[in-house]
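*Asks:* sequence and predicted structure are below.
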Amino acid sequence: MNQDDQKKAIAAAALEYVLAETESPAPIGIGTGSTANCFIDLLGEHKDRFSGAVPSSEASAERLAAQGIPILNFAESGRMNFYVDGADEINSELCMIKGGGAALTREKIVASMAERFVCIADESKQVPVLGAFPLPVEVIPMAAVSVSLAMEKVGGKPTIREGVTTDNGNIIVDVHNLEIGDAQAWEEAINQIPGVVTNGIFAHQRAEILFTFSEGRVISVLA
């Protein structure tokens, strides 16, 4: 099964899980990226089960709206049972690197309003140690140089993502060459650098359950 088919099968399994645990109608948080897009497309077939969705990006909001799913803000949704999103990397503890789509800050905000983070990621995203995927860091533009220097001090190789402005009006610094063993400690330390809005390590808000692919079938993994 190719990667696209894996993503569709994973999204379908996650939706089945969410539907079984949802009392209608309920709000749901939705992330950003190719696997999240598969979930959104399937969600449209069950939109009557949900009062609406809180998206983590303008791109996801547009895709949800195209499926006829109402877009909610937190005043309308309140706390949600589920936030469903993909990952760029995920380890055995279900800590993740996210932000390949430059939506990491809003993803963290929406995830913070959900009781359960459901991660949907194909088997290529599973890693023993985070860091092979460059770590996205959302940075206030005037701090690009100072943040880059700080990341160099800890062994990283930072590059500014060209042509990208986040939905919040900031830039993304991608940090290569990191080996992120203690994900929670790394997340906290980087967030203390002046000018950093947040970074793409999801350790404090790790996934509660992962739907992925292994040995030719969809499996679920609990944290």
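*Replies:* Received it, and whenever you're ready, just let me know what you need. Numbering: from 1, shown residues only.

*Asks:* tell me the secondary structure of residue 69, please.
*Replies:* Assigned by DSSP: H, G, I helix; E, B strand; the rest coil, the conformation of residue 69 is coil.

*Asks:* please name the nearest non-neighbouring residue to residue 142.
*Replies:* With sequence-adjacent residues excluded and distances taken as C-beta to C-beta, 6 or more residues apart in numbering, residue 142 is closest to residue 195, at 7.1 Å. Every residue, glycine included, has its C-beta placed from N, CA and C.

*Asks:* the one you found contacts residue 146, correct?
*Replies:* Yes: under the criterion of C-beta atoms under 8 Å, residue 195 makes contact with residue 146 at 5.9 Å.

*Asks:* neighbour count for those two, which is higher?
*Replies:* Neighbour totals were compared for residue 195 and residue 146, and residue 195 leads with 18 against 15 (other C-beta atoms under 10 Å).

*Asks:* burial count for the residue nearest to residue 58 when sequence neighbours are not counted?
*Replies:* Distance criterion C-beta to C-beta, 6+ apart; nearest residue to residue 58, sequence neighbours excluded, is residue 167 at 5.4 Å. Neighbourhood size, residue 167 [other C-beta under 10 Å]: 15.

*Asks:* ok, now which ones touch residue 167?
*Replies:* 57, 58, 102, 103, 106 (C-beta atoms under 8 Å, 6 or more residues apart in numbering).

*Asks:* pull the most distant pair out of these.
*Replies:* Greatest spacing in those, by C-beta to C-beta: 58 and 102 (10.8 Å).

*Asks:* looking at those two, which one has more neighbours?
*Replies:* Between residue 58 and residue 102, residue 102 has the larger neighbour count (other C-beta under 10 Å), namely 24 against 12.

*Asks:* look up how far residue 72 lies from residue 123.
*Replies:* Taking C-beta to C-beta, to the nearest Å as the measure, residue 123 falls 32 Å from residue 72.

*Asks:* before we move on, what about residue 19?
*Replies:* For residue 19, the distance to residue 72 equals 18 Å [C-beta to C-beta].

*Asks:* who has more neighbours, these two?
*Replies:* Set residue 19 next to residue 72 and count neighbours by other C-beta under 10 Å: residue 72 wins out with 20 against 13.

*Asks:* looking at it, that one is touching residue 50, isn't it?
*Replies:* No: between residue 72 and residue 50 there is no contact under C-beta under 8 Å: 9.5 Å.

*Asks:* tell me, what's touching those two both at once?
*Replies:* Counting by C-beta under 8 Å, 6+ apart, the shared contacts of residue 72 and residue 50 are residue 27.

*Asks:* in this structure, what residue sits furthest out from the centroid?
*Replies:* Centroid-distance maximum for the chain: residue 153 at 26.9 Å, with C-alpha atoms, centre = their mean.
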